[in-house]
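*Asks:* got a predicted model here, sequence first, then my questions.
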Amino acid sequence: MKKSFTATCIFIFSIQLLIAQLPTPTTQQLQWHDMEFYLFTHFGPNTFTNKEWGEGTEKEEVFNPTNLDCRQWCRVAKAAGASGIIITAKHHDGFCLWPSKFSTHTVRESKWKDGKGDVLKELSAACKEYGLKFSVYLSPWDRNNPAYGTPKYNDVFVQMITEIFTNYGPICELWWDGANGEGPNGKKQIYDWNRFKETVKKLSPNTVVFSDIGPQIRWVGNENGIAGKTNWNTLDTVGYSAGKDAPSTDTLNAGNINGKFWIPAECDVSIRPGWFYHKEDDDKVKSPEKLFDLYLKSVGRGATLLLNVPPDRRGIITDIDSVALVGFKKLREESFKNNFCIQAIANKKGFNDNNANTFATIKDNGKENLQLHFNKPEKINCIVLKEFVKDGQSVIKFKIQLKVNGKVDILTGTTIGHKRIITFNAVEADGISLKIIDSKAVVKIAEIEAYLINEKLIEKE
C-alpha cells in the first residue's frame, strides 16, 4: 500500500512538471538576452563641470566638445565586442543632447556647432553604420524644466519620448532612471508611469524598456555589475513602481522564483569610479582582468552586462579605456575559444551542438541526466550551461559530476537561465554529467560547454 501511494505521488508530480506553465520571454527580450554585453555612455554638462549629478542651473554654453566623434565611440564598441550603445539623452540636470522643442536647456542653446548639433542624430547614424544597437537613457527627473513638479511635466516628458522615437529610431532599449528629486520649484514630480509605458508601446512595440521593475528589463539592485548567484528572470511587480517604491535590492538581485512576469536583470557598472568622465580617474580604469571577472558575475549568472565608458571633454573615448576594452575582448575570445564538449560523445542529442535553438530534456529529476564523454581526458576549469529560455526558466538546483581518475568531483548550483558559467580548480576529466535536483517544470538544456581558461582569471564559486 505504501509503495503504491509513493508511486502515485511521484506520477502526479511528474505530470505537474510536464504541464507547468512558466512565464516566457518575448521575441524582443530573447534578442536582448543574446546581446549579453553593451556599452553605456554618460555624456553631458557634467562631463565639463566635473560633476556626477548636475544642478540643472548650468549654462548651456558649458557643453562644448571640441572633437565629438560618435563614429569613434562605435569603433571602440566594435573593438570591445559590444553589441550596442545606450546614451544619456537627458540626465537629471535636464540638459537634452538633442534640440528638443520642449526644453530650452539643450544642445541648441549651446556653443557646440553654433547650436546646430545633435548628439542623438550622430550616434544613431553611427550605430547603424557599424551594426550596433542604438538605445537611449532618459531620466524622468528634470532639475531644469519649470514644469517639473506639476501635471504639465508628464505631458512634456511624453512629448520628449515621442520626439526621440519619431526622429532617432529604431531604438533597442529605453532606460528609465527611477530618480525623483526636486525640480526648480522645489517640488517632486508624480510620474505617470502607465502613460509613459503606453506611449513607448504605441510608438515602438519592439523596444524593451528598463526600470527597477521593467516592464521588460529590471535593475539588478546594485551598480557593481554583479547579479545574484541565484538569479531568476521572473519578477512580481504588483504594488511596486520605479524608484523608492521598487522591490528590495535583494529581490531585484535574485528575482522571484515564482514571479509572474519575465523581467530579467541588467547589470550596470562603470569602467571608471564615476559615471561621467573625470580626468583624475584616468589611472583608475578597470583592467581587462577585472572586466572579465564582472562578465563572469553578470552574463555568467544569466544577466546582461551594461558597461559605462564615458567620453572625455573632446567627445572622444580615451585610449586608456579603449585599451582596457580591447584587452577584455581578447580575454573572452581566448577563454571561450575551445569548447571540449563539441567533440564529446553525448547520451542525447541537442545539447552539445553549438546551437541555442536545439535542446535536450530532463523529465525525471534526480534520476535522468545528460552525459558527455570525452575522447580523451581533458583539462578543464570552466563549464557553461544554457537553458532553452524561449520556453521559460525551470532549474532550481543542479549538480554536475566530473569523472576524474575513476572518482567523481561534484559541483552544485542553483539557477541557470540564459547562461551560467561555473569555474573551479582545473581537473583532467573523462566526462561531464548534469543532474537536476529540483525544477519548476521539465528542464530543457540548450548547451553544455567546457573550457580551460587562465587560472588567474577565475574566482572559485
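*Replies:* Looks like it came in fine. Numbering: from 1, shown residues only.

*Asks:* which strands or helices does the one helix or strand Met160 maps to pack on?
*Replies:* Using DSSP states H and E, Met160 maps to helix 151-168. Packing contacts for helix 151-168, counted by 3 or more Cβ pairs under 8 Å, 6 or more residues apart in numbering; DSSP states H and E, involve helix 119-130, strand 133-138, helix 193-203. Where C-beta positions appear, they are placed from N, C-alpha and C, glycine not excepted.

*Asks:* out of these, which is closest to Leu452?
*Replies:* Nearest to Leu452 among the helices and strands packed on helix 151-168 is strand 133-138; the distance by Cβ to Cβ comes to 32.0 Å.

*Asks:* quick one: strands adjacent to the closest one?
*Replies:* Strand 133-138 has the following sheet partners, assigned by DSSP bridges: strand 84-90 (parallel), strand 173-175 (parallel).

*Asks:* okay, those, which one's buried deepest?
*Replies:* Most buried of the strands paired with strand 133-138, by mean neighbour count (mean count of other Cβ atoms under 10 Å): strand 84-90, with a mean of 26.

*Asks:* return that strand as PDB; C-alpha atoms alone will do.
*Replies:* Output of strand 84-90 as PDB, limited to C-alpha atoms (Å, rounded to 0.1, in the frame of the first residue of the first chain):
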ATOM      1  CA  GLY A  84      25.300  48.300 -28.800                       C
ATOM      2  CA  ILE A  85      25.400  51.700 -27.000                       C
ATOM      3  CA  ILE A  86      23.000  53.400 -24.600                       C
ATOM      4  CA  ILE A  87      23.400  57.200 -24.500                       C
ATOM      5  CA  THR A  88      22.300  59.500 -21.700                       C
ATOM      6  CA  ALA A  89      20.000  61.600 -23.900                       C
ATOM      7  CA  LYS A  90      18.800  63.600 -20.800                       C
END
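
*Asks:* pull the distance from that strand to the chain's centre.
*Replies:* 14 Å (Cα atoms, centre = their mean, to the nearest Å).

*Asks:* list of residues touching that strand?
*Replies:* 35, 38-44, 73-74, 77, 96-98, 119-120, 123, 127, 132-139, 142, 160, 164, 172-173, 175, 306 (Cβ atoms under 8 Å, 6 or more residues apart in numbering).

*Asks:* and stretch 424-434, by the same measure?
*Replies:* Everything outside stretch 424-434 that qualifies as a contact, by Cβ under 8 Å, 6+ apart, is 341, 344, 362, 369-374, 377-383, 385, 398-405, 409, 411, 445, 448, 450, 452, 455, 460-461.

*Asks:* helices along the stretch 201-350 of the chain, start to end?
*Replies:* Applying DSSP state H, counting those that start in this stretch to the stretch 201-350 of the chain gives helices spanning 249-254, 288-298, 319-335.

*Asks:* what is the mean pLDDT for the shortest one?
*Replies:* Okay, so that is helix 249-254. Per-region confidence: helix 249-254 scores 97 on mean pLDDT.
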